[in-house]
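> can you look at this prediction? I've put the sequence above it.
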Amino acid sequence: MKWWQDKVIYQIYPRSFNDSNGDGIGDLKGIIEKIDYLSELGVGAIWLCPVYQSPNKDNGYDISDYQEIQSLFGTMEDLELLIEKAREKNIYLLMDLVVNHTSDQHPWFIEARKNKENDYRAFYIWRDGDEGEVPNTLSSVFSGSAWTYDSPSSQYYLHLFTKEQPDLNWKHKEMREKIYQMMNFWAEKGIGGFRLDVIDLIGKEPDLEITANGPLLHDYVHEMNQNVFSKYEDMLTVGETWGATPEIGKQFSDPAREELSMIFQFEHMMLDQQEGKDSSNKWALKPLEISQLKAVMSKWQTALGNIGWNSLFWNNHDLPRIVSRWGDDQTYWMESAKLFAILLHFMKGTPFVYQGEEIGMTNIVVSNIDQVDDIESRNMYFDRINKGYSKEQLLHAINVKGRDNARTPMQWNGSVHAGFSSGQPWLCVNDNYETINVENQLHDPASILSTYRQLIHYRKNNELIVFGEYELLYTEEEVFSYLRYNDTEAILVVTNLSEKAHRFVYPKNLVLKEQIISNYPNQEIYAEQIELKPYMAYAVKVA
Ligand code: TEU
Ligand code: CA
């Protein structure tokens, strides 16, 4: 068993986690202050979103110096102390690396754009074209064309995100070697591994308008593995791959291929958007069909076989809060927040918990684009407001799917600014912080936080959850129930993903043993058939 196969990983968006110096922005010292909280929760690693030098056009996903910590977050000594303090509690640190693109303020790009003969020119992707006539129809995930004209050197350069995030040219060996040098710099600091931002884009073929899963992608990832990851004992690497299928997931995570440990696939996260070519279709909303959720989650539970390894998640810094998205953040807030935890944490794979998920933090509501920070939402708004969309339509889409929903400050207690900062937070605190916060839940055995703590601890050294088989039960549409089993034991998970009561009939051959966890602890489950209350979820040992 690899160390990450029975652990849960906690994702920290540092800007919004905990502010130690009152400037309204979370920082590294603020994270160190919370190591005991994370240790008590029981997580085995922290995925730390980027803290490198950055102009913050995309809140750190536009890196201008890979080997310097941006002063807003602290110093390299703070980061080294965080690695040390976490390791003392058996918590590894995963650094978030963005190697598909840099900031346009990175020295490489500043050099590259000086002239076509510059040594760094080939670090990026340039194409001829008359100003006003982009090389092709490639579009940015963040709206508009993926090409921007660079007047001084009179060529276009490619950026799949903002124009301040020029894509690196992975065909250029010298560039790759500089990236591997940088990754080894971090690996030698004793980190537990890396989360690799949009890693499935580095094999792009812009002239063929191929972005994800290009022909040389796995060659590059294998080369990265051989030059960095494989040189360190048990390094954990997780790739963000929006376009992955199970077949691609196996290519990335089959240990024999020496690429990555696992990937984040997003097929389940696109089930409430209309069919479209990729994640940038996120704004075309449609209701979730639970039958599709059951089918997609079950496919990933079985399709990797014993070859690859899954990550498991509902939330991250780019996604709306799951309890608001597919649960009920009003009447059945507590029940539905616990339901998503129970539903996910008995599955096969490594679960990720995004800051605030463990206390049931919810989406926010904005009524004006001036309240929105996220560049993706803002670009979409200003791009579409002149194309016939109404302000109400656009703000509704942002309220449902915008990334700020995940980026409001962590709610530690009911004091001003939710205990996140003694200063004015960079982004408004959700106004429900007096009821939804860590302090209210820490010592309450019936809290969402206690549910997460129980699930995280239950997974440790649990052969059945880590390696057991998975089987979906066929039930009513809104009931999602599955079995985990091996030769000696089995667990049944039953969840009702609706505000309606549903009847549930146990399979004839199952004998119920002790209940493990439930969000309706006093509800009777021992009968041939039972009534599932709204958003009811429980797990029970069976024979
Ligand atoms: O996200 C990749 C990405 O495509 C997402 O931004 C996605 O398109 C959208 O947000 C879906 O909700 C990664 C990082 O996680 C994200 O924060 C960065 O903005 C992006 O790459 C560029 O580095
Ligand atoms: Ca701060």
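Perfect, thanks for sending it. Numbers count the residues shown, from 1 in each chain. Ligands and ions are numbered 1, 2, ... in the order given.

> most centrally placed residue in the chain?
The residue at the geometric middle of the chain, judged as the C-alpha nearest the mean C-alpha position with Cα atoms, centre = their mean, is residue 316 (3.5 Å).

> ok, the closest residue to it other than its chain neighbours to residue 323 distance?
Closest residue to residue 316 apart from its sequence neighbours, by Cβ to Cβ, 6 or more residues apart in numbering: residue 354 at 5.2 Å. Where C-beta positions appear, they are placed from N, C-alpha and C, glycine not excepted. Taking Cβ to Cβ, to the nearest Å as the criterion, residue 354 is separated from residue 323 by 12 Å.

> neighbour-wise, which of those two wins?
residue 323 (29 against 23; other Cβ atoms under 10 Å).

> before we move on, the earlier item: and the residue nearest to the centre of the chain, helix, strand or coil?
coil (DSSP: H, G, I helix; E, B strand; the rest coil).

> just the helices in the stretch 151-300 of the chain please.
Taking DSSP state H, counting those that start in this stretch, the helices of the stretch 151-300 of the chain run over residues 173-187, 217-227, 246-253, 290-303.

> list the contacts of stretch 32-44.
When contacts are defined by Cβ atoms under 8 Å, 6 or more residues apart in numbering, stretch 32-44 is touched by residues 3-4, 6-10, 17-18, 20, 46, 78, 81-82, 85-86, 89-92, 353, 358, 438, 449, 452-453, 456-457, 460.

> do stretch 162-172 as well
55, 57-58, 61-62, 99-105, 109, 122-125, 140, 142, 148, 157-160, 175-176, 179, 201-204, 216, 220, 375, 379.

> end to end, how far does it reach?
22 Å (Cα to Cα, to the nearest Å).

> so for it, what gets flagged as buried?
Buried residues in stretch 162-172, defined by neighbour count with 16 or more other Cβ atoms under 10 Å: 162, 163, 164, 165, 166, 167, 168, 169, 170, 172.

> enumerate every residue touching the residue nearest to residue 316.
With contact set as Cβ under 8 Å, 6+ apart, residue 354 has these partners: 10, 11, 13, 313, 314, 315, 316, 317, 319, 406.

> dump stretch 473-491 to PDB, restricted to CA.
Included here for stretch 473-491 are C-alpha records, laid out as PDB according to Å, rounded to 0.1, in the frame of the first residue of the first chain:
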ATOM      1  CA  LEU A 473     -26.900  -1.200  -6.500                       C
ATOM      2  CA  TYR A 474     -29.900  -0.600  -8.800                       C
ATOM      3  CA  THR A 475     -32.400   1.500  -7.000                       C
ATOM      4  CA  GLU A 476     -34.700   4.400  -7.600                       C
ATOM      5  CA  GLU A 477     -33.200   7.300  -9.600                       C
ATOM      6  CA  GLU A 478     -32.500   9.500  -6.600                       C
ATOM      7  CA  VAL A 479     -31.000   6.800  -4.300                       C
ATOM      8  CA  PHE A 480     -27.300   6.200  -4.800                       C
ATOM      9  CA  SER A 481     -26.300   3.000  -3.100                       C
ATOM     10  CA  TYR A 482     -23.200   0.900  -3.500                       C
ATOM     11  CA  LEU A 483     -21.300  -2.100  -2.000                       C
ATOM     12  CA  ARG A 484     -17.600  -2.300  -1.100                       C
ATOM     13  CA  TYR A 485     -16.500  -5.900  -0.600                       C
ATOM     14  CA  ASN A 486     -13.700  -8.400  -0.400                       C
ATOM     15  CA  ASP A 487     -13.400 -12.000   0.500                       C
ATOM     16  CA  THR A 488     -14.000 -11.400   4.100                       C
ATOM     17  CA  GLU A 489     -16.100  -8.400   4.700                       C
ATOM     18  CA  ALA A 490     -18.500  -5.800   3.100                       C
ATOM     19  CA  ILE A 491     -19.900  -2.400   3.600                       C
END
